[in-house]
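*Asks:* Just to be clear, the model below is a prediction. Sequence and coordinates:
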Amino acid sequence: MRKNFLSFLFLGVILLSSCTSNDLSSTPILFYGEGCPHCALVESYLSEQKIVLSQKEVYHHPDNASELALYAKHCNMDTKNIGVPFLWTGKECLSGDEPIITYLKKQR
């Protein structure tokens, strides 16, 4: 009985991890909020440097906010205290204007 339970648990972990990683985009996504001053700093940097990123507004689009939470959860971040701007790099999560701009500068 214990062996069956452990086998079931192991299979569940494998399936859950494969589903979660398959749901995540491998391309960068910037999540922002309309009227957010820190988001405006990142957007200004993107514009000045002519960097094009997929961008999703979260204040007025609950589906985008839910997607942001999915990425934050993947990065073991507290999904109840996520702020914008938030960048999913395709591998990791960055939150805040300074960390995002620093990351973007390093990519150039």
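*Replies:* Arrived safely.

*Asks:* element containing Leu104?
*Replies:* Assigned by DSSP states H and E, Leu104 falls within helix 97-107.

*Asks:* quick one: that helix to chain centroid distance?
*Replies:* Centroid separation for helix 97-107 versus its chain: 15 Å, with C-alpha atoms, centre = their mean, to the nearest Å.

*Asks:* next one: stretch 30-41
*Replies:* Worked out by C-alpha atoms, centre = their mean, stretch 30-41 lies 14 Å from the chain centre.

*Asks:* Same check on stretch 31-47?
*Replies:* 16 Å.

*Asks:* again, but for stretch 35-52
*Replies:* For stretch 35-52, the distance to the chain centre is 17 Å (C-alpha atoms, centre = their mean).

*Asks:* Contacts for it, please.
*Replies:* Outside stretch 35-52, the residues that touch it by C-beta atoms under 8 Å, 6 or more residues apart in numbering are 30, 32-33, 53, 55, 59, 83-85, 87, 96-97, 100-101, 104, 108. Bear in mind the C-beta positions are built from the backbone N, C-alpha and C, glycine included.
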